[in-house]
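Visitor: Got a predicted structure here, sequence first:
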2 protein chains.
Amino acid sequence: MQSLADIASDYAALLAKGEALAAAEKYWASDIIAFEPAKSEAGDPAIAMGKPAAIARLTRWLETNAMSELLIDGPFVTGDQFALFIDMEIVRRATGERQPFSEIATYTVREGQIVEERFFYG
Amino acid sequence: MQSLADIASDYAALLAKGEALAAAEKYWASDIIAFEPAKSEAGDPAIAMGKPAAIARLTRWLETNAMSELLIDGPFVTGDQFALFIDMEIVRRATGERQPFSEIATYTVREGQIVEERFFYG
């Protein structure tokens, strides 16, 4: 089984390459709970329970948005969690509009898999 | 009982004023668990269990270090947690040496009190 530090590094590297879905497929546990601050513009709930629901929410977001100019600070490991500071421009696929966006992401790891993902932003 | 948003705002405001101990006294639960990435320079363990141990660790840190140029981004609330992005200069009291320092802090709130504090930094 990979160490927490190895999982954190690989996960951050996949995100930095724009491969958020591949990172999710590889590391999210089947019973992951994924928290956003609020429900999405597409109406998805703030809390996604389980990998299928969380993957579906991410997929819907990526259908209408792209991530550009992605900069990731971290991973920073503390106990059974790692955190990333993510800075990017969100590109609205429909209009090409670009929106600067920063967030903090934390991940809880159990037995080599991510069991909780949590995003923080204003 | 204060809302999570009110607690987060007040806690961040106290930290920004340099009143970390007052913030801890006011909001930490008696059974708080406070996580650092590693044990401290003073030899305190990475995980402090309970308010007395966590307050003692913070007090020891403040005896040898001061926080200057404190900038706090947040609070950002998600579910039962809030996060802060903290940027500062740590001033070593013995030498006056200044060290730029950035960290992510997350706080879990239950019944109006902080039951978990977790710091992430590189």
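Guide: Yes, it's here.
Visitor: interface residues of chain A facing chain B?
Guide: A:35-37, A:46-47, A:74, A:76-79, A:81-83, A:85, A:103-104, A:106, A:118-122 (Cβ under 8 Å from any Cβ of the partner chain). Backbone N, C-alpha and C define where each C-beta goes, glycine included.
Visitor: Okay, and which of the residues you listed map to strands?
Guide: A:35, A:47, A:74, A:76-78, A:81-83, A:85, A:103-104, A:106, A:118-120 (DSSP state E).
Visitor: Show me which of the residues you listed are buried.
Guide: A:35, A:47, A:74, A:76-78, A:81-83, A:85, A:103-104, A:106, A:118-120 (16 or more other Cβ atoms under 10 Å in any protein chain shown).
Visitor: Tell me which stretches of chain A form strands.
Guide: A:28-35, A:47-49, A:65-78, A:81-92, A:98-110, A:113-120.
Visitor: Give the pairing partners of the second one; include direction for each.
Guide: Looking back up the chat, that one is strand A:47-49. As defined by DSSP bridges, the strand partners of strand A:47-49 come to strand A:28-35 (antiparallel).
Visitor: Let's see the partner strand as PDB, backbone CA atoms only.
Guide: Extracted in PDB, the C-alpha atoms of strand A:28-35 (Å, rounded to 0.1, in the frame of the first residue of the first chain):
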ATOM      1  CA  TRP A  28     -11.400   7.900  -4.100                       C
ATOM      2  CA  ALA A  29     -12.800   5.200  -1.900                       C
ATOM      3  CA  SER A  30     -16.200   3.700  -2.800                       C
ATOM      4  CA  ASP A  31     -17.700   5.400   0.300                       C
ATOM      5  CA  ILE A  32     -16.000   8.800  -0.100                       C
ATOM      6  CA  ILE A  33     -17.900  11.800   1.200                       C
ATOM      7  CA  ALA A  34     -17.100  15.000  -0.800                       C
ATOM      8  CA  PHE A  35     -18.000  18.400   0.700                       C
END
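Visitor: Give me the contacts around it.
Guide: Strand A:28-35 is contacted from outside by A:46-51, A:53-55, A:57, A:110, A:113-119, B:78-79, using Cβ atoms under 8 Å, 6 or more residues apart in numbering or on different chains.
Visitor: What subset of those is buried?
Guide: Buried, going by 16+ other Cβ under 10 Å: A:47-48, A:51, A:53-55, A:57, A:113-119, B:78-79, out of the contacts of strand A:28-35.
Visitor: Grab the nearest non-local neighbour of A:Met49.
Guide: Closest residue to A:Met49 apart from its sequence neighbours, by Cβ to Cβ, 6 or more residues apart in numbering or on different chains: A:Ile33 at 5.8 Å.
Visitor: Tell me, how many residues neighbour the one you found?
Guide: Residues near A:Ile33, counting by other Cβ atoms under 10 Å in any protein chain shown, number 17.
Visitor: what do you get for the one 10 residues further on?
Guide: Using other Cβ under 10 Å, A:Gly43 is surrounded by 7 other residues.
Visitor: Any figure for the gap between it and chain B?
Guide: 18 Å (Cβ to the nearest Cβ, to the nearest Å).
Visitor: same check, this time on A:Asp87
Guide: From A:Asp87 to chain B the distance is 11 Å (Cβ to the nearest Cβ).
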